[in-house]
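S.K.: what's the 3D shape of this:
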Amino acid sequence: MSEFFGALSDRTPVHRWTLERGGVRVRVLSYGGIVQSAEVPDREGRRADVVLGFADLGGYLDHPEPYLGALVGRYANRIAGGRFPLDGRTYALARNDGPNSLHGGDRGFDKRVWNAEPVEHGVRFSRISPDGEEGFPGRLRVTVTYTLDASGALRIAYEAVTDAPTVVNLTNHTYWNLGGAGHAGGHELRLAASRYTPVGADLIPAGAPADVTGSRFDFRAGRRTGSGYDHNFVLDKGVTEAAEEVAELYDPVSGRVLTIATTEPGLQLYTADYLAGPFAPGDGIALETQHFPDSPNRPDFPSTVLRPGEVYRSETVYGFSVR
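M.R.: Below you'll find the model as predicted:
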């Protein structure tokens with residue numbers, strides 16, 4: 001079911017789609033592919049919205065930087081120096097994070113209105129990113145499908161094809177707060193990741209992935225998230241054809257549990273320490289499934305190169321339960 005949600009300054013309309021199944025209600029926007037809300041029950045059966053979002057389109061237009069709930073691309077996370085080499089040529093990107101390119105540049109996928117069509121139990125968004133958009137080569141045709149399964153799990157499936165060699169790394173930037181409100185630092189997180197990528201002051205990976213053993217980056221047995229994280233974790237499973245469970249977020253107060261399964265090799269944990277505007281630092285936790293930051297400049301990382309004739313596919317599933 002869709003409804004008019006507002007319009008941009010050029011009168012481009014934005015619609016909101018409501019998906020409801022298995023006791024879960026999710027609302028997504030054609031602007032930025034944004035997950036605006038996700039209402040799920042607690043251990044007493046009381047439903048609350050567990051993602052950070054704005055009530056109207058103006059909130060997203062006035063506060064774009066947190067990327068609340070957004071579909072991020074062409075390249076999620078950072079590319080060092082806003083440049084990368086490919087097939088003997090260096091491409092210069094929009095630099096919107098100091099000297100670096102972040103989340104697709106000045107006007108990435110999160111700031112575009114997507115075409116939308118209904119599918120069974122969901123909606124499919126699509127758009128063509130033209131050659132040279134934000135500096136990225138190749139005409140990229142992208143589809144992203146949001147569906148709810150019978151249990152109420154939210155499945156996001158990404159596909160893309162290109163007419164010239166390019167790099168692609170898509171994710172969703174929802175901030176989760178399983179309590180429905182307040183500070184999320186008391187949530188407990190489990191991650192199937194034995195390594196993470198240390199970063200420099202500019203949050204670009206520095207050196208090889210490091211072992212998490214004995215450090216605050218060891219979430220393998222589960223621990224409170226606290227604060228101070230904006231890091232990529234190297235998932236033990238690597239790249240997989242089918243989504244495999246890699247993370248569990250638990251709120252002891254409400255009893256809500258979020259599980260994340262993905263085909264991706266990495267997951268960015270961001271504890272929202274710099275969240276501003278109507279939200280306070282730490283009000284949510286972003287868990288972005290992805291390839292690693294700066295992969296186009298790091299041949300030792302899993303490749304993000306997409307060539308003509310190939311199909312980029314990625315899938316992440318967010319499951320909800322209680323205990």
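S.K.: Do a quick rundown of the strands in the stretch 201-323 of the chain.
M.R.: 210-211, 223-224, 230-234, 244-250, 256-262, 266-270, 285-290, 305-306, 312-322 (DSSP state E, counting those that start in this stretch).
S.K.: Columns mean pLDDT, mean neighbour count and distance to Pro137 on top of those, output as CSV?
M.R.: For the C-beta atoms, the positions are set from N, CA and C on the backbone; glycine is no exception. Below are those laid out as CSV (pLDDT from 0 to 100; neighbours: other Cβ atoms under 10 Å; distance: least, Cβ to Cβ, whole Å):
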stretch, mean pLDDT, mean neighbour count, distance to Pro137
strand 210-211, 98, 13, 32
strand 223-224, 98, 13, 42
strand 230-234, 98, 22, 24
strand 244-250, 98, 20, 31
strand 256-262, 99, 22, 26
strand 266-270, 98, 23, 23
strand 285-290, 98, 24, 20
strand 305-306, 98, 18, 10
strand 312-322, 98, 20, 14
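S.K.: Could you export these as TSV, including distance to Ala55?
M.R.: Shown next, in TSV, are the strands of the stretch 201-323 of the chain (distance: least, Cβ to Cβ, whole Å):
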stretch	distance to Ala55
strand 210-211	41
strand 223-224	30
strand 230-234	27
strand 244-250	24
strand 256-262	22
strand 266-270	23
strand 285-290	20
strand 305-306	37
strand 312-322	22
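S.K.: Of these, which is nearest Gly69?
M.R.: strand 285-290 (9.8 Å; Cβ to Cβ).
S.K.: so that closest one versus strand 266-270, what angle?
M.R.: 160 degrees (axes from the mean of the first three to the mean of the last three Cα atoms, to 10 degrees).
S.K.: What residues does Tyr318 make contact with?
M.R.: Ala38, Ala153, Leu154, Arg155, Ile156, Leu258, Thr259, Ile260 (Cβ atoms under 8 Å, 6 or more residues apart in numbering).
S.K.: one more time with 6 Å
M.R.: Residues near Tyr318 by Cβ atoms under 6 Å, 6 or more residues apart in numbering: Leu154, Ile260.
S.K.: Which strand residues bridge it?
M.R.: Leu154, Ile260 (DSSP bridges).
S.K.: Any stretches of the stretch 1-150 of the chain with poor pLDDT?
M.R.: Within the stretch 1-150 of the chain, no stretch has pLDDT under 70.
S.K.: for it, what spans make up the helices?
M.R.: With DSSP state H, counting those that start in this stretch as the criterion, the stretch 1-150 of the chain has helices at 57-62.
S.K.: That one: strands as residue ranges?
M.R.: Counting by DSSP E, counting those that start in this stretch, the strands of the stretch 1-150 of the chain are 2-7, 13-21, 24-29, 35-41, 47-49, 71-72, 78-79, 83-86, 89-92, 101-102, 115-119, 122-129, 140-148.
S.K.: Let me have the ones you listed in TSV, extended by mean neighbour count and distance to Leu203.
M.R.: Below are these laid out as TSV (neighbours: other Cβ atoms under 10 Å; distance: least, Cβ to Cβ, whole Å):
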stretch	mean neighbour count	distance to Leu203
strand 2-7	13	33
strand 13-21	17	31
strand 24-29	24	28
strand 35-41	23	24
strand 47-49	16	29
strand 71-72	26	15
strand 78-79	25	6
strand 83-86	17	17
strand 89-92	12	20
strand 101-102	27	9
strand 115-119	12	33
strand 122-129	19	25
strand 140-148	20	25
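S.K.: Which one, of the strands of the stretch 201-323 of the chain, ends up nearest to Gly138?
M.R.: Nearest to Gly138, of these and by Cβ to Cβ, is strand 305-306 at 7.8 Å.
S.K.: So what touches the closest one?
M.R.: Here strand 305-306 has contacts from Thr162, Thr166, Val167, Val168, Tyr312, using Cβ under 6 Å, 6+ apart.
S.K.: Among these, which ones are in helices?
M.R.: Within the contacts of strand 305-306, no residue falls in helices by DSSP state H.
S.K.: Tell me, how many residues neighbour Gly182?
M.R.: 12 (other Cβ atoms under 10 Å).
S.K.: Got phi/psi on the most far-flung residue of the chain relative to its centre?
M.R.: Distance from the C-alpha centroid of the chain, by Cα atoms, centre = their mean, peaks at Gly88 (30.3 Å). With angles defined as degrees, to the nearest 10, Gly88 sits at phi 80, psi 0.
S.K.: Can you tell me how far it is from Pro165?
M.R.: 11 Å (Cβ to Cβ, to the nearest Å).
S.K.: and if you look at Ala184?
M.R.: For Ala184, the distance to Pro165 (Cβ to Cβ) stands at 40 Å.
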